[in-house]
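> Kindly return the folded structure for what I paste below:
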Amino acid sequence: MTLRARHDRVPAPGTRPGTAVRDGLVAAAVSVALGAGLAVLAGTAVARGTTAVLVGVAVVAVAAVAVGSRRDRWSGPADRVTLARTVLVGGCAGVVVLALGGDLPERSWWLVALAAPAALLDAVDGAVARRTGTSSPAGARLDMEVDAALLLVLSVAAGAALGWWVLAVGVMRYAFVLAGRGRPQLREPLPYSLARRVVAGVQAAALVVALVPPVPAALATAVVAVALALLLWSFGRDVVALERRRR
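Numbering: from 1, shown residues only. Predicted coordinates:
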């Protein structure tokens with residue numbers, strides 16, 4: 001199951017160049033403020049709080065640089081939604097660092113409060129791009145990478161609480177990309193699949209549910225295990241299809 005591009009964004013008529021740099025800087029600034037606020041509220045030591053802020057900002061900085069380095073220096077409304085999701089993912093990364101440092105529990109309301117809207121907004125940026133007619137391959141790639149980053153961050157938190165096998169959810173897409181370096185056919189585009197999209201959405205939903213503090217650990221484990229089984233099926237189906245296409 002590859003997280004393929006689902007929408008392409010192009011500049012809207014009358015849009016001025018340079019908006020990408022501005023939007024990237026705004027996202028980075030908001031990320032710094034969010035990370036610093038979380039570190040203070042969690043009552044962390046300066047070193048751990050600083051590390052958490054830097055990790056969160058790094059996630060946003062990568063997305064901001066990707067947007068700001070576009071040839072036309074343009075970003076649209078869908079990109080701004082994606083950048084907002086990136087800020088939430090960066091906040092999740094900061095919370096996970098604090099949890100691994102012992103300042104917060106691995107399953108905390110802090111993490112759920114950031115992860116839930118980040119997952120829900122996944123359906124918004126694509127809808128905004130289609131409605132406004134602002135699509136581009138660069139925007140689609142940004143959305144895809146934010147999806148993957150969210151799963152990786154949440155799987156680290158869930159793995160610390162439920163067992164490190166949960167990391168398979170977060171690293172599956174990166175393992176597929178790595179495998180594609182040795183198998184060119186795995187880099188071929190796949191046709192649209194509703195099942196693939198549903199399975200991708202299930203991963204984020206399952207990890208968010210598993211991280212809700214009142215959910216029993218046994219139930220959280222079962223939910224993530226089912227999600228991982230679906231993910232393995234989806235990836236396996238795509239790999240078989242790509243191998244058969246080559247033959």
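> average pLDDT for stretch 48-55?
On average, the pLDDT along stretch 48-55 is 83.
> buried ones in that stretch?
Arg48, Gly49, Thr51, Ala52, Val53, Val55 (16 or more other C-beta atoms under 10 Å). All C-beta atoms are positioned from the backbone trio N, CA, C, and that covers glycine.
> what does the helix or strand of the chain with the lowest mean pLDDT rub up against?
Across the helices and strands of the chain, mean pLDDT, DSSP states H and E gives its lowest value to helix 19-41, namely a mean of 77. Contact with helix 19-41 is made by 48-50, 52-53, 56-57, 59-61, 63-65, 67-68, 70, 72-76, 79-80, 83-84, 86-87, 90-91, 94-95, 98, 110, as judged by C-beta atoms under 8 Å, 6 or more residues apart in numbering.
> buried ones in that helix?
So for helix 19-41, counting by 16+ other C-beta under 10 Å, buried means 19-21, 23-24, 27-28, 30-32, 34-36, 38-39.
> roughly how far apart are Val62 and Trp109?
Here Val62 is placed at a distance of 27 Å from Trp109 (C-beta to C-beta, to the nearest Å).
> Following the helix or strand hosting Gly126 in sequence, what is the next regular element?
In the assignment (DSSP states H and E), Gly126 maps to helix 122-132. Per DSSP H and E, the first helix or strand lying C-terminal to helix 122-132 is helix 137-162.
> following that following helix, which helix or strand shows up next?
Trace forward from helix 137-162 with DSSP H and E and the next one is helix 167-182.
> Sweet, I'm off.
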